[in-house]
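> sequence plus the predicted model coming up.
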Amino acid sequence: MRNTLLALLLLVAVGFGAWRFLAPPAASKNPMERMRTANPIETVRVAKPVAPTPVVRSAPAAPNQMTAKRAQMEERFTDLKEEGRRVRETLIASDPKAAQAYNDVVRRPEYRALLDRRHQIEAAWAAAPENERDGMLSEMNSLRQQGFTLILGEIQRLQSQPAAPTAGGAPSPSSVPSSVPTPPPAPPVVFQ
């Protein structure tokens, strides 16, 4: 009898251990944790099959794929849109006066006109016919170059300004006249 009772207790202990090991974990009380641990396969519902109805088509359906040229144009358009942000971040990180120059240029009406035209092109891009997209890309590129020219010109203007007088009253090296003429500012860099 003791052997039977011992075997029964051992069987219950092994069964309980196996159940604890193989049982799914308890659901968390935090809803975000439940979403992370949810098995996506369990949440997918299978649609009920519907009896097929005959479809009459007057013309064969064209594939809804982009041509290679269109895909290249879309990629170039996206690059032009993102390039301004990347260049601005690079300039601000590399030059301390670039942030001030950028803020000054943004207030100018000619730069605002460039931005407004660029936004108009971005809004019209999705609905534009295929034959107009080349012209839109070249205009976007032209607007980008004009904007960069304005920003880089403003940075050069700020860098060519004399330094602020020092607090000690001693003349700064840039305020002392020298016999060596300063070279003219370099022409603006144009990104292509």
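Looks like it arrived, so ask away. Residues are numbered from 1 along each chain as shown.

> which parts of the longest helix seen in the chain are buried?
Longest helix in the chain by number of residues, with DSSP state H as the criterion: helix 130-160. Buried positions in helix 130-160, judged by neighbour count with 16 or more other Cβ atoms under 10 Å: 133, 136-137, 140, 143-144, 146-148, 150-152, 154-156. In this view, the C-beta of every residue, glycine as well, is placed from N, C-alpha and C.

> likewise for stretch 106-126?
Within stretch 106-126, the residues that qualify as buried are 111, 114, 118, 121, 125, counting by 16+ other Cβ under 10 Å.

> for stretch 5-25, same thing?
Buried, per 16+ other Cβ under 10 Å, within stretch 5-25: nothing.

> dump the C-alpha coordinates for it into CSV.
Below are the C-alpha coordinates for stretch 5-25, written out as CSV (Å, rounded to 0.1, in the frame of the first residue of the first chain):
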residue,chain,number,x,y,z
LEU,A,5,0.6,5.7,-2.3
LEU,A,6,4.2,6.7,-3.0
ALA,A,7,3.9,5.9,-6.7
LEU,A,8,0.6,7.9,-6.8
LEU,A,9,2.2,10.9,-5.1
LEU,A,10,5.2,10.7,-7.4
LEU,A,11,2.9,10.6,-10.4
VAL,A,12,1.0,13.7,-9.1
ALA,A,13,4.2,15.6,-8.5
VAL,A,14,5.6,14.8,-12.0
GLY,A,15,2.2,15.7,-13.6
PHE,A,16,2.1,19.0,-11.7
GLY,A,17,5.7,19.8,-12.7
ALA,A,18,5.0,19.0,-16.3
TRP,A,19,1.8,21.1,-16.2
ARG,A,20,3.8,24.1,-14.8
PHE,A,21,6.5,23.7,-17.4
LEU,A,22,4.2,23.3,-20.4
ALA,A,23,1.3,25.6,-19.4
PRO,A,24,1.2,29.0,-21.1
PRO,A,25,2.3,32.0,-19.0
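
> what mean pLDDT does it have?
For stretch 5-25, mean pLDDT rounds to 84.

> what does stretch 132-145 give?
Mean per-residue pLDDT for stretch 132-145: 86.

> also stretch 159-179?
Across stretch 159-179, pLDDT averages out at 57.

> the helix or strand where residue 115 lies vs helix 130-160, what angle?
Element membership of residue 115 [criterion: DSSP states H and E] is helix 109-125. Regarding helix 109-125 and helix 130-160, their directions subtend 150 degrees when assessed with axes from the mean of the first three to the mean of the last three Cα atoms, to 10 degrees.

> which residues are in contact with helix 109-125?
Taking Cβ atoms under 8 Å, 6 or more residues apart in numbering as the criterion, the residues outside helix 109-125 that touch it are 77, 81, 105-106, 133, 136, 139-140, 143-144, 146-147, 150.
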